[in-house]
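Chemist: Quick check, what structure comes out for this input:
(chains A and B)
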2 protein chains.
Amino acid sequence: MKARVFVTLKNGVLDPQGKAIGHALQGLGFDGVGEVRQGKVIDLELAERDAAKARACLTEMCEKLLANTIIEKYEIELKG
Amino acid sequence: MKARVFVTLKNGVLDPQGKAIGHALQGLGFDGVGEVRQGKVIDLELAERDAAKARACLTEMCEKLLANTIIEKYEIELKG
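Modeler: The predicted model follows:
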């Protein structure tokens, strides 16, 4: 089973990388760009075939390693 | 309109960060983890309301700034 995990900064946490991208886009002449936030995406291949178990396992991975839950939030997407 | 852009390394391009995550997960006792690849996710707020125009604009942003198209590929997701 393939899975995709998004790890992004929580709302309210300053995101200098996102700000830098926003400014660079403006500098290149892209108008109408509002807030920009940057995060990580992690694609995993799992041997687990049961969706519920895979999700539980991924949640544990996020809590233990993939995300710093003090400042980051995560989303899990299973791709069957 | 909100948009999400994924920038990930092309298949075949070595991904040491992904490998490091894979090894760390194994070290934590997560078995059955196959390939792991890490990429970037960029969330943008756009003033543009037309989906086709927004997509065209985002494609240009990716080609010009967000992705290094020699080694990276990008996906664009519009969130209405």
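Chemist: Quick one: residues contacting residue A:39.
Modeler: A:6-9, A:72, B:40-43 (CB atoms under 8 Å, 6 or more residues apart in numbering or on different chains). For every residue, glycine as well, the C-beta is placed using N, CA and C.
Chemist: Looking at the residues you listed, which are in strands?
Modeler: Judged by DSSP state E, the subset of those located in strands is A:6-9, A:72, B:40-43.
Chemist: would you list these in CSV and tack on distance to residue B:51, neighbour count and pLDDT?
Modeler: Listed next are the ones in strands among the contacts of residue A:39 as CSV, based on distance: CB to CB, whole Å; neighbours: other CB atoms under 10 Å in any protein chain shown; pLDDT from 0 to 100:
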residue, distance to residue B:51, neighbour count, pLDDT
A:6, 22, 21, 97
A:7, 27, 19, 98
A:8, 23, 22, 97
A:9, 27, 18, 97
A:72, 29, 17, 97
B:40, 23, 19, 97
B:41, 20, 22, 98
B:42, 18, 27, 98
B:43, 17, 19, 97
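Chemist: biggest separation within those, which pair?
Modeler: Farthest-apart pair in the ones in strands among the contacts of residue A:39 is A:72 and B:42; separation 15.3 Å (CB to CB).
Chemist: Now do the same for the residue of chain A most remote from its centre: helix, strand or coil?
Modeler: Within chain A, the residue lying farthest from the chain centre (CA atoms, centre = their mean) is residue A:29, at 27.1 Å. Put simply, residue A:29 is coil when judged by DSSP: H, G, I helix; E, B strand; the rest coil.
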